[in-house]
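Trainee: Sequence and computational prediction follow.
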Amino acid sequence: MTESVPSRADIRRWRRYLADERAEAAVYRDLAARREGEEREILLALADAEGRHAEHWVGLLGPHAARVPAVSVRTRILAIPARRFGSVFVLALAQRAEMRSPYDTDADATAAMAADERIHGEVVRGLAARGRQRLAGSFRAAVFGANDGLVSNLALVLGIGATGVASGTVLFTGLAGLLAGALSMAAGEYVSVRSQRELLASSTPDPDAHTAVADLDVDANELALVYRARGMSANEAEERARAALGQPESTRGEQLTPAAAHDEHEAVGSAWGAAGSSFAFFASGAIIPVVPYLLGLEGLLAVIIAAVLVGAALLLTGGIVGVLSGASPPKRALRQLGIGYGAAAVTYLLGLAFGSTFV
């Protein structure tokens with residue numbers, strides 16, 4: 001029984017698979033070099049699995065494996081930032097790459113390889129989730145601030161410009177909108193964070209409360225009431241209080257001041273830092289619709305260029321959201337673009353209506 005000779009299409013496909021497997025293994029090793037402990041071990045195990053898959057394609061290709069073509073575009077996208085940053089962006093891209101594996105429908109791939117790729121997607125999803133949690137707060141502020149600046153100032157500039165006023169008026173209106181919006185965002189973020197910190201502070205245990213533990217009436221055990229007020233049952237509170245009273249006085253304060261209280265304050269962050277970042281994010285988005293007017297452009301040309309620049313920025317922010325969320329970047333980018341252009345179109349049409357009314 002003779003083996004069938006692979007077609008040119010088969011060889012091209014197997015070479016592409018081999019190149020991708022080797023490149024993805026390299027990505028995981030690059031990421032592992034920037035990690036420690038458990039995450040490093042997981043990434044190295046993923047690299048080893050990709051290496052086993054590569055050997056499968058080497059076996060099928062035989063001598064044709066000697067000249068493997070350049071890796072695919074998506075794998076290049078993974079490899080470059082992996083070497084530069086090793087960030088959650090790379091893990092999010094790797095997650096999408098694993099979930100798009102063609103092995104489920106390719107008869108030349110084994111069922112075990114297809115199953116591996118599906119599980120790899122879940123493993124990378126878990127690793128990426130850790131980074132997403134750390135990034136969630138700052139990323140939300142960045143996307144929200146920049147997107148708000150883009151959409152609100154584009155709508156303002158187009159709405160005023162459509163009335164037919166001079167380009168200088170549109171320019172100063174856009175700059176005023178930038179400054180007013182950025183200051184409003186900064187003030188709102190400052191008040192929000194400051195208020196949250198004050199609320200947490202009012203609920204944080206008194207750091208000097210432990211000095212009273214040594215003089216408590218052991219029979220009445222007022223300490224148990226503290227734990228009951230924090231949500232423990234009566235029995236749990238009594239046990240915790242007895243344990244605290246049985247410890248050396250120098251360590252009793254640790255029983256009254258939970259470590260989580262400090263973590264909550266750190267998670268909220270600085271009010272001034274939040275205000276400054278919100279100002280910067282909003283301003284970075286709001287300046288884009290004003291650029292054509294800063295360059296001296298007028299009329300429809302300025303409107304078109306402003307819309308194109310903002311559209312490109314909306315596509316970028318939407319694509320980043322898609323990457324980090326593990327969703328389709330093109331779909332998220334188009335959604336962001338549609339929402340932004342929809343809001344701007346409403347104000348532009350209103351501007352046209354008011355402009356024709358006043359003429």
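Mentor: That came through fine. Numbers count the residues shown, from 1 in each chain.
Trainee: drop to CA atoms for contacts and neighbour counts, all remaining ones
Mentor: OK.
Trainee: wouldn't Tyr293 be in contact with Leu171 here?
Mentor: Yes: Tyr293 is in contact with Leu171 according to CA atoms under 8 Å; the separation is 5.6 Å.
Trainee: Now do the shared contacts for these two.
Mentor: Contact criterion CA atoms under 8 Å, 6 or more residues apart in numbering; residues shared by Tyr293 and Leu171: none found.
Trainee: quick one: Leu334 and Leu316 touch, right?
Mentor: No: in this structure, Leu334 is not within contact of Leu316 by CA under 8 Å, at 9.8 Å.
Trainee: So what's the residue count around Leu127?
Mentor: Around Leu127 there are 18 other residues, counting by other CA atoms under 10 Å.
Trainee: Run a quick neighbour tally on Ala243.
Mentor: Ala243, neighbours per other CA under 10 Å, totals 12.
Trainee: How about Met185?
Mentor: 24.
Trainee: Would you mind listing the buried residues in the helix or strand containing it?
Mentor: Per DSSP states H and E: Met185 is located in helix 167-203. Using 16 or more other CA atoms under 10 Å as the test for burial, helix 167-203 gives 167, 170-171, 173-175, 177-179, 181-187, 189-190, 193-194, 196-197, 200.
Trainee: I'd guessed Ala280 sits against Leu183; true?
Mentor: No: look at Ala280 against Leu183 with CA under 8 Å: they stay out of range, at 9.7 Å.
Trainee: Show the average pLDDT along the top helix by length along the chain.
Mentor: If you go by DSSP state H, the chain has its longest helix at helix 111-161. Throughout helix 111-161, pLDDT has a mean value of 79.
Trainee: what's that helix packed up against?
Mentor: Here helix 111-161 touches helix 37-61, helix 88-99, helix 167-203, helix 271-286, helix 299-325, helix 329-358, going by 3 or more CA pairs under 8 Å, 6 or more residues apart in numbering; DSSP states H and E.
Trainee: between the second one and helix 299-325, how big is the angle?
Mentor: Using axes from the mean of the first three to the mean of the last three CA atoms, to 10 degrees, the interaxial angle of helix 88-99 with respect to helix 299-325 works out to 70 degrees.
Trainee: Helix 88-99 - contacts with which helices or strands?
Mentor: Under the contact rule (3+ CA pairs under 8 Å, 6+ apart), helix 88-99 is packed against helix 73-84, helix 111-161, helix 299-325.
Trainee: go on, the last one?
Mentor: Using 3+ CA pairs under 8 Å, 6+ apart as the contact criterion, the neighbours of helix 329-358 among helices and strands are helix 111-161, helix 299-325.
Trainee: What count of nearby residues applies to Arg35?
Mentor: Neighbours around Arg35, by other CA under 10 Å: 15.
Trainee: do the same with Gly311
Mentor: Count around Gly311 with other CA under 10 Å applied: 22.
Trainee: Could you do Ala115 as well?
Mentor: Counted with other CA under 10 Å, Ala115 comes out at 12.
Trainee: Tell me who's in contact with it.
Mentor: Contacts of Ala115 by CA under 8 Å, 6+ apart: none found.
Trainee: Please apply the same query to Gly181.
Mentor: Gly181 makes contacts with 149, 282-283, as judged by CA under 8 Å, 6+ apart.
Trainee: Let me have those residues in CSV, extended by neighbour count.
Mentor: Below are the contacts of Gly181 laid out as CSV (neighbours: other CA atoms under 10 Å):
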residue, neighbour count
Gly149, 29
Phe282, 30
Ala283, 26
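Trainee: Output those as JSON lines; include the columns distance to Ala128.
Mentor: Listed next are the contacts of Gly181 as JSON lines, based on distance: CA to CA, whole Å:
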{"residue": "Gly149", "distance to Ala128": "29"}
{"residue": "Phe282", "distance to Ala128": "27"}
{"residue": "Ala283", "distance to Ala128": "30"}
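Trainee: Name the member of those residues with the shortest distance to Ala155.
Mentor: Using CA to CA, Gly149 comes nearest to Ala155 of those, at 9.9 Å.
Trainee: Kindly provide the distance from the residue nearest to the closest one when sequence neighbours are not counted to Tyr293.
Mentor: Excluding the flanking residues, the one nearest Gly149 by CA to CA, 6 or more residues apart in numbering is Ala286, at 4.0 Å. Going from Ala286 to Tyr293 by CA to CA, to the nearest Å gives 13 Å.
Trainee: So which of those two has more stuff around it?
Mentor: For the pair Ala286 and Tyr293, the greater number of neighbours falls to Ala286 (29 against 23), based on other CA under 10 Å.
Trainee: Secondary structure class of His64, three-state.
Mentor: Using DSSP: H, G, I helix; E, B strand; the rest coil, the structure places His64 in helix.
Trainee: Quick check: it touching Ile11?
Mentor: Yes: counting by CA under 8 Å, His64 sits close enough to Ile11 to count as a contact (7.4 Å).
Trainee: which of these two has more neighbours?
Mentor: Between His64 and Ile11, counting by other CA under 10 Å, Ile11 is the more crowded of the two (18 against 14).
Trainee: Okay then, goodbye and thanks.
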